[in-house]
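K.L.:
below are the sequence and a predicted model for it; my questions follow.
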Amino acid sequence: QDHFVESGGGLVQPGHSLRLSCEAQGFIADYYAVGWFRQVPGKEREGVACISSSDDGNTPYYDRSVKGRFTISKIKHRNTVYLEMNSVKPEDTAVYSCAAGAAYTSCSPAEFGYWGQGTQVTVSS
């Protein structure tokens, strides 16, 4: 079954950095838009960052809560998408998941499929 496998989560102190990885299983991530999303208990899943397919060349989307701190990147032919998280804050604590879609307009979870299980990120001193 086509899906993503996320890794890299863990406990990190406020102000520090963390890099999440998202490996595509069974399909080629280059051909798809890929997004990173996060969810905390009791709240809806929200889009954090989205990047178009490798041939699109559009500027990635970032939610305003992470813009300037997080960077999404997709290494061509490596089938892996990364989320570099810098200057993390306690409010960044969530389960982070990635997913793929044909394209996106608003980096909404509804535009994506092939979800992974997610990786927990906890920001705490």
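P.N.:
Good, I have the coordinates.

K.L.:
any low-confidence regions in the chain?
P.N.:
54-57 (pLDDT under 70).

K.L.:
where do the helices sit along it?
P.N.:
Read by DSSP state H, the chain holds no helices at all.

K.L.:
how about the strands in it?
P.N.:
Assignment of strands within the chain using DSSP state E yields the ranges 3-7, 10-12, 18-25, 33-39, 46-51, 61-62, 70-75, 80-85, 94-101, 119-123.

K.L.:
looking at those, spot the one closest to Pro109.
P.N.:
Distances from Pro109 to each of those were compared using Cβ to Cβ; the minimum, 5.5 Å, belongs to strand 33-39. Quick note: C-beta positions are derived from backbone N, CA and C, even for glycine.

K.L.:
for the closest residue to Ala99 other than its chain neighbours, what are its contacts?
P.N.:
Distance criterion Cβ to Cβ, 6 or more residues apart in numbering; nearest residue to Ala99, sequence neighbours excluded, is Phe112 at 3.7 Å. Taking Cβ atoms under 8 Å, 6 or more residues apart in numbering as the definition of contact, the neighbours of Phe112 are 33, 35, 37, 99-101, 104.

K.L.:
over to Lys74?
P.N.:
Contacts of Lys74 (Cβ under 8 Å, 6+ apart): 29-30, 34, 51, 54, 80-82.

K.L.:
likewise Cys107?
P.N.:
Cys107 makes contact with 35, 47-50, 61, 63, according to Cβ under 8 Å, 6+ apart.
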